[in-house]
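Peer 1: Sequence first, predicted model second:
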Amino acid sequence: QMLLVESGGGTVQAGGSLRLSCAASGATFSNYAMGWFRQAPGKEREFVAAVSRIGGLAYADSVKGRFTISRDNAKNTVSLQMNSLKPDDTAVYYCAAKEGVLLTSPPRYEYWGQGTQVTVSS
């Protein structure tokens, strides 16, 4: 059983930056692909970015060039650096873990954090 706790959300003006962090515990972190997902009001949860066990990366087209995902296996953490934020990035952001290979589909992820709100004002 893996426990995930996100931090770093908040309110920022368009064009600004935020850094989200997710701390994992309760399982062997290096065995898991880690992902960030988001859900805006009235919309389905969507893939944002993911990093594989060995550092392979995947990004949604909407965030490529603006967001950077990274992991630290020594600290059991995964981070999401978000730059050039837009109002459309406003959502609750979730950290998730999936044992094995990296995938981008939310139902394939086994463990989820509680979410952190990101609000981008225009």
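Peer 2: Nice, I can see it.
Peer 1: Nearest residue to the middle of this protein?
Peer 2: With distances taken as C-alpha atoms, centre = their mean, the residue of the chain nearest its centroid is residue 36 (2.1 Å).
Peer 1: What's opposite residue 95 in the beta bridge?
Peer 2: Beta-bridge pairing of residue 95 under DSSP bridges involves residue 36.
Peer 1: From residue 4, how far out is it?
Peer 2: Distance check for residue 95 against residue 4: by C-beta to C-beta, to the nearest Å, it reads 5 Å. For the C-beta atoms, the positions are set from N, CA and C on the backbone; glycine is no exception.
Peer 1: and what of residue 85?
Peer 2: As judged by C-beta to C-beta, residue 85 and residue 4 stand 23 Å apart.
Peer 1: hang on, the earlier thing: what is in contact with residue 95 and residue 4 at once?
Peer 2: Common contacts of residue 95 and residue 4 (C-beta atoms under 8 Å, 6 or more residues apart in numbering): 22, 112-113.
Peer 1: which among those gets closest to residue 57?
Peer 2: When those are ranked by distance to residue 57 (C-beta to C-beta), residue 22 comes first, at 15.7 Å.
Peer 1: give the contact list for the residue nearest to the closest one when sequence neighbours are not counted.
Peer 2: Spatially, and ignoring its direct neighbours in sequence, residue 22 is nearest to residue 95 (3.4 Å; C-beta to C-beta, 6 or more residues apart in numbering). If a contact means C-beta under 8 Å, 6+ apart, then residue 95 has 4, 6, 20, 22, 34-36, 78, 112-113 as its contacts.
Peer 1: Farthest-apart pair in these, please.
Peer 2: Farthest pair in the contacts of residue 95 (C-beta to C-beta) is 20 and 112. Separation: 14.1 Å.
Peer 1: So which of those two has more stuff around it?
Peer 2: Ranked by neighbour count (other C-beta atoms under 10 Å), residue 20 and residue 112 place residue 20 first, with 24 against 17.
Peer 1: Now do the residue nearest to the centre of the chain, the pLDDT please.
Peer 2: Looking at residue 36, its pLDDT is 98.
Peer 1: go on, residue 100?
Peer 2: 89.
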